[in-house]
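A.B. asks: give me the fold of what follows.
(one chain, ligands or ions: 2)
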Amino acid sequence: MKRTWWKEAIVYQVYWRSFYDTNGDGYGDLKGVIEKLDYIKELGVDIIWLNPFYESPDKDNGYDISNYEAIMEKAGTMADFEELLTEVHKRDMKVMMDLVVNHTSDQHPWFIESRSSKDNAKRDWYIWKDPKNGKEPNNWRSYFTPSVWEYDEKTDQYYMHSFAVEQPDLNWKNKEVREAIYKMMRFWLDKGINGFRMDVINLLAKLEGFPDAENPLNISYLGNNPGIHEYLQEMHEEVLKHYDVLTVGEIPFVTPEDGLKYAGEDRNELNTLFHFEIADDMPTWDMLGYKEIQERWHKAFYGKGWNSQFLNNHDHTRQVTRYGNDNEYRIESAKLLGTMIHTLPGMPYVFQGEEIGMTGVRFHSIEDYNDIAMKNKYKEEVEKGRDPEEVFESLLLLSRDNSRTPIQWNSSKNAGFTEGTPWININPNYKEINVEEALHNPNSVYYYYKKLIALRKENPVMVYGDYEDYSADDDHLYVYVRTLDHVRWLVILNHSDHNTPFKLPAVFNDKEKRLVLSNYNDVKEEDSLIETTLGPHEARIYEFIKR
Ligand code: ISL
Ligand code: CA
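C.D. replies: Ligands and ions are numbered 1, 2, ... in the order given. Below you'll find the predicted structure:
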């Protein structure tokens, strides 16, 4: 299998508006990222993925772009970005930007011109359709609204938006659109950025003829449509192949087989991808389901393509709350989940704050929430006549704001995030959970993550090793082996709040072993592994050398 720099890399995701505020406006900013680069570097990560900071009206926190070649005022200036890029490279790290080209903001000049009349030069840069029987052209739902269609009085047509009304979809069938996007990509790549995370990149091609959906509630008809691979191969030909960069596609609704068409080594499309079989389709922890998904993706990808491993990001609730135990076993659980993500096959992502075990949040009312997806859903459901309290409760666990509360730097006012009024409330547990505490506590999640990340640099088996699950039918213990040449790593995870007995698979009985890492401090080297008991949320990594 081809070895590359990005396969050995670990990505740290910076949601800059919640990272660190240097000018007291209540929003994090690019200067704030610069100030904290040594903290990020110290963790040992290689690539920093920055969520969008392009000029934007900010209806969807930067995912509604009105100028692809300018910086959003609340993030800072182009000079700030160029300083950030220089400072990251000085520290031998890399920058991956967010590429959002399925849609723009409705305030983008392209869309303002497109909507101005039926016959202007940019009309066909977006997707306009005549009403059908006086109504929407079809029955498709969007991610954030009951219909993907918004009526435009002036020209008596509807335009398509896969997300919010303020996010009209670009028409990728139009070569002028594609050329404009490729030009913009070169603008950033020529500045020296090191990659793109590509926002819902599999939505670019729309279903021919826009037919009604059998079941409009299953919105997978928005993605993976014929034509998508031609666009991505053209993007590779026109832009990507000319730069040594990492590309990761955000690909909802994708199966392993289809995933290979995007991220297969021989496809000349993308290097890697995020799938959403867990983040979008597994509301709470399901050990057996998780093992089955890992098995299927490994079988399809091993030796052919590169997968990602993540359990949370700016759209998905913090993992220790959603999939672990953020209460009495928060520290152990955060370390166990980190061990899993960093020892499974694929590129590990660390979402800002995960490295100190930050948790999800429960604010008191819908007014405390910012996420347009949650607020639109709340409005839609309450307008159906449902009880507002019950609707609110039903949206709490998966609200994207769970992951968007500001980084907790210390126990001072606003957790040291801002001198001003934070754009979103700080998680009230910041007095106990914060970076300063973590740096002073040798047993913190932070120092465990540092060890995990350092291991990857010294042990190719973590990156390139094969994978075999030795615990398929156990719904608490997750026991798997990574093998590369004569080195075998045995990972043992007790994903439960109880002590769980463990029996070493016979195949390992007579091999020389060493304990590589454990999230409990009392595991002794000579601990007889043949039969032992794992504590609640205990994780261990052993190395076996095959003679
Ligand atoms: O948020 C989700 C479910 O909770 C995801 O399905 C998400 O909406 C989807 O993966 C697309 O996300 C990306 O595109 C959106 C933007 O709001 C998200 O922040 C971004 O990650 C539109 O650009
Ligand atoms: Ca600021």
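
A.B. asks: for ligand 1, give me its nearest residue in the stretch 51-200 of the chain.
C.D. replies: Tyr63 (3.4 Å; C-beta to the nearest ligand atom). Where C-beta positions appear, they are placed from N, C-alpha and C, glycine not excepted.

A.B. asks: number of residues surrounding that residue?
C.D. replies: A total of 25 residues lie near Tyr63 under the criterion other C-beta atoms under 10 Å.

A.B. asks: tell me the secondary structure of the residue of the stretch 101-250 of the chain found nearest ligand 2, please.
C.D. replies: Closest to ligand 2 within the stretch 101-250 of the chain is Ser105: 20.8 Å, counting by C-beta to the ion. Under the three-state scheme (DSSP: H, G, I helix; E, B strand; the rest coil), the conformation of Ser105 reads as coil.

A.B. asks: and for it, nearest residue in space, chain neighbours not counted?
C.D. replies: Computed as C-beta to C-beta, 6 or more residues apart in numbering, the closest residue to Ser105 that is not its neighbour in sequence is Asp64, at 3.9 Å.

A.B. asks: residue contacts, the one you found?
C.D. replies: The neighbours of Asp64, taking C-beta atoms under 8 Å, 6 or more residues apart in numbering as the test, are 56-58, 103-107, 164, 166-167.

A.B. asks: same deal with Leu455?
C.D. replies: Leu455 is in contact with 342, 462, 516-517, 541, counting by C-beta under 8 Å, 6+ apart.

A.B. asks: out of those, list just those in helices.
C.D. replies: Using DSSP state H, the members of those that fall in helices are 342, 462.

A.B. asks: tell me which of the contacts of Leu455 is nearest to ligand 2?
C.D. replies: His342 (31.8 Å).

A.B. asks: and the closest one, how many neighbours?
C.D. replies: Once other C-beta under 10 Å is used to define contacts, His342 is seen to have 21 neighbours.

A.B. asks: how about the one 4 residues further on?
C.D. replies: For Gly346, the number of neighbouring residues by other C-beta under 10 Å comes to 22.

A.B. asks: equivalent analysis for Ser162, please.
C.D. replies: Applying the criterion other C-beta under 10 Å, we find 23 residues in the vicinity of Ser162.

A.B. asks: buried stuff in stretch 202-222?
C.D. replies: If you call a residue buried by 16 or more other C-beta atoms under 10 Å, then stretch 202-222 has these buried ones: 202-207, 210, 213, 219, 221-222.

A.B. asks: if I've got this straight, Ser394 is in a strand?
C.D. replies: No: when classified by three-state DSSP, Ser394 is found to be helix rather than part of a strand.

A.B. asks: off-centre distance for stretch 342-353?
C.D. replies: 10 Å (C-alpha atoms, centre = their mean, to the nearest Å).

A.B. asks: that one near ligand 1 anywhere?
C.D. replies: No: looking at stretch 342-353 against ligand 1 by C-beta under 6 Å from any ligand atom, there are no contacts, and the closest approach is 11.8 Å.

A.B. asks: send me that stretch as PDB with only the CA atoms.
C.D. replies: Below are the C-alpha coordinates for stretch 342-353, written out as PDB (Å, rounded to 0.1, in the frame of the first residue of the first chain):
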ATOM      1  CA  HIS A 342      -6.600   6.500  17.100                       C
ATOM      2  CA  THR A 343      -6.200   2.700  16.800                       C
ATOM      3  CA  LEU A 344      -8.900   1.900  14.300                       C
ATOM      4  CA  PRO A 345      -7.800   2.000  10.600                       C
ATOM      5  CA  GLY A 346      -8.100   5.500   9.000                       C
ATOM      6  CA  MET A 347      -7.200   9.100   9.700                       C
ATOM      7  CA  PRO A 348      -8.100  10.200  13.200                       C
ATOM      8  CA  TYR A 349      -9.800  13.600  13.800                       C
ATOM      9  CA  VAL A 350      -9.600  15.500  17.100                       C
ATOM     10  CA  PHE A 351     -12.300  18.000  17.400                       C
ATOM     11  CA  GLN A 352     -11.300  21.100  19.500                       C
ATOM     12  CA  GLY A 353     -11.900  20.500  23.200                       C
END
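
A.B. asks: quick one on the thing from earlier: the residue lying closest to the residue of the stretch 51-200 of the chain closest to ligand 1 once chain neighbours are set aside: how many residues sit nearby?
C.D. replies: Excluding its sequence neighbours, the residue lying closest to Tyr63 (C-beta to C-beta, 6+ apart) is Val100, at 5.4 Å. Burial of Val100 is recorded as 26 neighbouring residues (other C-beta under 10 Å).

A.B. asks: contacts only, for Val100.
C.D. replies: Counting by C-beta under 8 Å, 6+ apart, Val100 makes contact with 52, 54, 62-63, 65, 199.

A.B. asks: could you pull out the strands for the stretch 101-250 of the chain?
C.D. replies: Counting by DSSP state E, counting those that start in this stretch, residue ranges of the strands within the stretch 101-250 of the chain are 128-129, 149-152, 157-160, 195-198, 246-250.

A.B. asks: in CSV: those, plus distance to ligand 1.
C.D. replies: Rendered in CSV, the data for these read as follows (distance: least, C-beta to the nearest ligand atom, whole Å):
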stretch, distance to ligand 1
strand 128-129, 20
strand 149-152, 16
strand 157-160, 14
strand 195-198, 9
strand 246-250, 6
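
A.B. asks: okay if I get the ones you listed as TSV plus mean neighbour count?
C.D. replies: Output for these, formatted as TSV (neighbours: other C-beta atoms under 10 Å):
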stretch	mean neighbour count
strand 128-129	16
strand 149-152	18
strand 157-160	22
strand 195-198	26
strand 246-250	25
